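K.L.:
Could you look at this predicted model? Sequence included:
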Amino acid sequence: MSGAHDFDVIIIGGGLVGAALALALQDSGLRLALVESGPATMLPDDGSWDSRIYAISPGNARFLDSLGAWSDLDQSRVMPIEEMRIWGDEGAELDFSAYEGGAANLGYIVESRLMQAGLWTRLQATDAVTLLVGTRCAALNLEDGQATLHLTDGRVLSAGLVVGADGANSWTRTQAGLGVETSDYRQHGVVANFATSRAHGGIARQWFREDGILAWLPLPGQRMSMVWSTAPQHARQLLDLSPDQLCAAVAAAGQETLGELQLLTPPAAFPLRLQNAEVMVRPRLALVGDAAHLVHPLAGQGVNLGFHDAECLARVLSGRGLQTDVGDYGLLRSYERARQMDIRAMQLLTDQLHALFGSRLPLLGALRNWGMKFTNRQKWLKRRLMAHAMT
Ligand SMILES: Cc1cc2nc3c(=O)[nH]c(=O)nc-3n(C[C@H](O)[C@H](O)[C@H](O)COP(=O)(O)OP(=O)(O)OC[C@H]3O[C@@H](n4cnc5c(N)ncnc54)[C@H](O)[C@@H]3O)c2cc1C
């Protein structure tokens, strides 16, 4: 129902999740605005690689395709994952293959910047979304009849619903007075891209090591992207190494599986934490993506959960009855209820894995390695785990 507001829905934050939500709502007939404090993402023309990469599930690739933001991506920079191999700290091995799961692939490795530019190209081509780029928010009031957003340039916008898609330190969430429950993993994720002297064969590799969790994700050609989740002090040491020293340390940690490495992008580190907003919705407010929840990156699911939020909220808003207000609490609660199980299940899985592999207790060491060997023998269990991760 369109009221006397400037917009029906204002989305704050045009990262991957906010941009995807805006596109998913473009045919809903709702009057939409997207407020992004940074610039619209453009691809650099020097062909350089982004050190922030994502493992996108096949289900989310289909979602992005339905928004027109997948098939237009430069496919020579998108790497399908054919197999995943995981090693425990006592040599146990677990592997998942697309062939075994009866699928063409297990997902795709894509640069953050490439996907972001793909979404923004689509946003700029539609007149269904008013884009307010480089715009800063000053204050948000959630009232009975409408939400009012004050911008720092003096403009005042009103809407039936405001969606916070503004990341882990969400300004929107804070303005709405919503707290978060946070648990610090006391780990940083160190990311960098490398050229490799041996072919990766489309295999994503992950080692649960004494000093953390090391992932090597295949990029097109002889390249790979690393995410090493490790103690802050070790992360600092890795960042302080010269490029040659870092290549040698990373190659050794991965048992030289891909031969010699050459650094393509300078390493960067991100603090890792588990986080949940106390609620995902309030009357006239909904949170999506990292503004609502954070998970450990060991399962590569953060942005996948966010895309599921965007798809679900768009479905709920587009499918509401004609007389239903977009900011109606009951309507927004149905979005929250629909998403809670998926989010909690993924947080529990990654949290438990992190705890299991972080423990130095010998009994847990034996248990986790036994658990990996056991899982590897259970084809039905592997198929179920794969089916879940591929949605
Ligand atoms: C080391 C590491 C590795 C990861 N690897 C993976 C992976 O392999 N797979 C995966 O799925 N996930 C991964 N993640 C998680 C992933 O990065 C996040 O889940 C994802 O970026 C969240 O997207 P978002 O759009 O919700 O938030 P963000 O990407 O944080 O975007 C928020 C947007 O809001 C804008 N903004 C902020 N404040 C305001 C404001 N006040 N007004 C207007 N605009 C504002 C920002 O400029 C930004 O554009 C990883 C995370 C880390 C730390």
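P.N.:
Done, it's in.
K.L.:
Now do the top strand by length along the chain, average pLDDT.
P.N.:
Looking across the chain with DSSP state E, the single longest strand is strand 180-196. Averaged over strand 180-196, pLDDT sits at 93.
K.L.:
do the same with stretch 211-218
P.N.:
In the prediction, stretch 211-218 has an average pLDDT of 92.
K.L.:
In that stretch, which residues are buried?
P.N.:
Neighbour-count burial for stretch 211-218, counted by 16 or more other C-beta atoms under 10 Å, picks out Gly212, Ile213, Leu214, Ala215, Trp216, Leu217, Pro218. No exception for glycine: its C-beta is placed from N, CA and C like everyone else's.
K.L.:
Name the residues linked to the last one by a beta bridge.
P.N.:
Under DSSP bridges, the beta-bridge partners of Pro218 are Met224.
K.L.:
Kindly report the same for the third one.
P.N.:
For Leu214, the beta-bridge partners under DSSP bridges are Trp207, Trp228.
K.L.:
surely it meets Met224?
P.N.:
No. At 11.3 Å, Leu214 does not count as touching Met224 under the criterion of C-beta atoms under 8 Å.
K.L.:
so what's the backbone phi/psi at Leu161?
P.N.:
Phi and psi for Leu161, reported as degrees, to the nearest 10, are phi -150, psi 140.
K.L.:
ok, it to Met280 distance?
P.N.:
Noted for Leu161: a distance of 13 Å to Met280, by C-beta to C-beta, to the nearest Å.
K.L.:
Common neighbours of those two, please.
P.N.:
Ala286 (C-beta atoms under 8 Å, 6 or more residues apart in numbering).
K.L.:
Which strands and helices lie in contact with the longest helix anywhere in the chain?
P.N.:
Ranked by residue count, the top helix of the chain under DSSP state H comes out as helix 329-358. Applying 3 or more C-beta pairs under 8 Å, 6 or more residues apart in numbering; DSSP states H and E, we find helix 329-358 packed against strand 268-277, strand 281-282, strand 285-287, helix 302-318, helix 362-377.
K.L.:
is the ligand contacted by it?
P.N.:
No. Helix 329-358 is not in contact with the ligand by C-beta under 6 Å from any ligand atom; minimum separation 10.1 Å.
K.L.:
Now do that helix and strand 180-196, the angle between them.
P.N.:
Per axes from the mean of the first three to the mean of the last three C-alpha atoms, to 10 degrees, the angle that helix 329-358 makes with strand 180-196 is 60 degrees.
K.L.:
Please find the angle between the direction vectors of helix 329-358 and strand 268-277.
P.N.:
130 degrees.
K.L.:
Which positions in helix 329-358 come out as buried?
P.N.:
Buried residues in helix 329-358 (16+ other C-beta under 10 Å): 331-336, 339, 342-343, 346-347, 349-351, 353-354, 356-358.
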